[in-house]
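Student: let's see this in three dimensions:
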Amino acid sequence: MSMEFSECGALAKALAAAQAEMANPSFDSANPHFKSKFASLAAVRNAVVPVLAKHGIAVLQDLQTTENGIACYTVLMHESGQTRTLGPLVMPASNADAQGFGSASTYARRYALQSVACVVGDDDDDGNAAVASTPSGWKADPRGDLGQKVDTKLVNKWAKALIDQQDQAHRLADIWGEVKEDHDLAVAVWAAIPKAIKDRIKDAQEGKSA
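Tutor: Below is the predicted model of the structure:
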């Protein structure tokens, strides 16, 4: 069980000092499918870990398999003996094999480490993915519980289908077309998939309508 930060004064002070010195990682990788740049796990690690270590903070990332992917727990350990566990961040695997779980592990570790350090390692779309540039045909809904009552297994099933077909533009657009027929399901699946897949869905829809 993790400690609250109110009980981790030395760790919190050290983390604040580290974050004050930390810079965003370099965007050393690119995805040609949607022409965006991002920081690899190595770049995030190089930007974050040395600064944390300088202030007496070690980082551990514990990976556990789930029914559909990888769960990443990130542990901050201070030289004072104080610790803080964050997560899990669950990432669905594109395939139930070494490559699929390896990719999910990398995604989970990268995003979790960025979150812990409060650094940015992906292009900022200015909120367009959540507001202005959501997939065509997706209308606003006033209900506050939108997407929250969908069966988790169903959400994971469709999220995996989208990830599996991420390199097949027309198939990706077809799958998303099926998902968005159920507005609650679409909201839940959209929240469950990585930004990279969201961008590919948008590109696939634009290509199909062209």
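
Student: what sits up against the helix or strand hosting residue 15?
Tutor: Here residue 15 is covered by helix 9-21, with elements defined by DSSP states H and E. Defining contact as CB atoms under 8 Å, 6 or more residues apart in numbering, one finds that helix 9-21 is touched by 5, 51-52, 54-57, 76, 78, 80, 82-84, 117-118. Where you see a C-beta, it was placed from the backbone N, CA and C, and this is true even at glycine.

Student: go on, stretch 41-61?
Tutor: The set of residues external to stretch 41-61 that reach it, using CB under 8 Å, 6+ apart, is 11, 14-15, 17-18, 21-29, 39, 72-80, 106, 109-110, 112-114, 116-117, 119, 121.

Student: before we move on, back to that, please save the CA atoms from the helix holding residue 15 in CSV.
Tutor: What follows is helix 9-21 as a C-alpha-only set of coordinates in CSV (Å, rounded to 0.1, in the frame of the first residue of the first chain):
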residue,chain,number,x,y,z
GLY,A,9,7.8,15.1,3.3
ALA,A,10,11.4,14.3,2.3
LEU,A,11,10.4,12.5,-0.9
ALA,A,12,8.0,15.3,-1.9
LYS,A,13,10.7,18.0,-1.2
ALA,A,14,13.3,16.1,-3.3
LEU,A,15,10.8,15.5,-6.1
ALA,A,16,9.9,19.2,-6.2
ALA,A,17,13.6,20.1,-6.5
ALA,A,18,14.2,17.5,-9.2
GLN,A,19,11.2,18.7,-11.2
ALA,A,20,12.5,22.3,-11.0
GLU,A,21,15.7,21.2,-12.8
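
Student: for that helix, buried residues please.
Tutor: Residues 11-12, 14-15, 17-19 are the ones in helix 9-21 that count as buried (16 or more other CB atoms under 10 Å).

Student: strands along this protein, start to end?
Tutor: With DSSP state E applied, the chain shows strands at 29-31, 36-38, 57-65, 69-78, 83-92, listed in chain order.

Student: in this structure, which helix or strand is least confident?
Tutor: Using mean pLDDT, DSSP states H and E, the weakest-scoring helix or strand in the chain turns out to be strand 29-31, at a mean of 70.

Student: which one of the strands of the chain lies nearest to residue 166?
Tutor: Taking CB to CB, strand 29-31 is the member of the strands of the chain nearest to residue 166, at 10.3 Å.

Student: relative orientation of the helix holding residue 15 and strand 83-92 in degrees?
Tutor: Helix 9-21 and strand 83-92 meet at an angle of 60 degrees, taking axes from the mean of the first three to the mean of the last three CA atoms, to 10 degrees as the criterion.

Student: pull the residues that contact the longest helix along the chain.
Tutor: Selection of the longest helix in the chain by residue count, based on DSSP state H, yields helix 98-117. Among residues not part of helix 98-117, those counted as contacts by CB under 8 Å, 6+ apart are 18-19, 22, 25, 39-41, 44-45, 47-48, 52, 59, 61, 63, 65, 69-72, 74, 76, 86-87, 89-94, 120-121, 194.
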